[in-house]
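Undergrad: sharing a sequence plus its predicted fold:
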Amino acid sequence: MSPPLFHPIRWEPRLYPGELARARRVRSDIRTDLKGFAEEVVGEVELCCSELFANAVLYTASGEEHGEVTRRLCLREPGTLRLEVVDGGWTATVPATPATRGEDEWLTAEGQRGLLLVHALAAAWGYYQVLPHPALNLGLGVWADFAVAPDAVPPGLDHFIFTT
């Protein structure tokens, strides 16, 4: 007998004003949307989402007046939960972990550790251009995949989950 056919599960995207004060709401929404998943997975996704949200607000047009950040979740295949945070672009940089710091510098650094957390907690992470353009960054989507045991997925999830 063949295994049952898998259908991706998608949560309705959430849109947030680009304000650091909204990070609390971002974390709360992750907990709400992932209710029924293992606490360890929820905590890891919550932390990574908070870091990616803060990066979008601090380093892109998302943090400017009327800026926005979009968050998406998808159970892409059995065992892989994907988090995506999409920013407003208009920055000359792309997400990368700082490679030039020594151990002492890391111990005293007050910032720029977020992607190290994502790298440590996610099974994989990366980014893509929302609208590819040769000269301008019109927005980046930063994604992180988290391992979820297929038998640990809460039963009865709809293929599309409304979040409001």
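TA: That came in fine, so what should we check first?

Undergrad: CA atoms for contacts and neighbours, from now on please.
TA: Fine.

Undergrad: what helix or strand does Leu81 sit in?
TA: Assessed by DSSP states H and E, Leu81 sits inside strand 80-86.

Undergrad: then Leu15?
TA: Counting by DSSP H and E, the secondary-structure element that holds Leu15 is strand 14-17.

Undergrad: the inter-axis angle of the next helix or strand after that strand versus strand 80-86?
TA: With elements assigned by DSSP H and E, the helix or strand that comes after strand 14-17 is helix 23-33. Orientation check (axes from the mean of the first three to the mean of the last three Cα atoms, to 10 degrees): helix 23-33 against strand 80-86 gives 150 degrees.

Undergrad: now the longest strand along the chain: buried residues?
TA: In the chain, taking DSSP state E as the definition, the longest strand is strand 68-77. Of the residues in strand 68-77, those buried by neighbour count under the rule 16 or more other Cα atoms under 10 Å are 68-75.

Undergrad: tell me what it is packed against?
TA: Here strand 68-77 touches strand 9-11, strand 14-17, helix 39-59, strand 80-86, going by 3 or more Cα pairs under 8 Å, 6 or more residues apart in numbering; DSSP states H and E.

Undergrad: how about a cut-off of 6 Å?
TA: Under the contact criterion of 3 or more Cα pairs under 6 Å, 6 or more residues apart in numbering; DSSP states H and E, strand 68-77 touches strand 9-11, strand 14-17, strand 80-86.

Undergrad: what's the longest one in contact with?
TA: With Cα atoms under 6 Å, 6 or more residues apart in numbering as the contact definition, strand 80-86 has outside contacts at 69-75, 140-148.

Undergrad: between those residues, which is nearest His133?
TA: His133 lies nearest to Leu140 out of those, by Cα to Cα, at 11.4 Å.

Undergrad: the nearest residue to the closest one once chain neighbours are set aside - how many residues pack around it?
TA: Take Leu140 and drop its neighbours on the chain: the residue closest to it by Cα to Cα, 6 or more residues apart in numbering is Gln129, 4.7 Å away. By the other Cα atoms under 10 Å criterion, the neighbourhood of Gln129 contains 17 residues.

Undergrad: now Gln129: phi and psi?
TA: Dihedral angles phi and psi of Gln129 (degrees, to the nearest 10) take the values phi -80, psi 130.

Undergrad: low-confidence ranges, the protein, go.
TA: In the predicted model, the chain carries pLDDT under 70 at residues 1-4, 97-113.

Undergrad: this completes my enquiry, with thanks.
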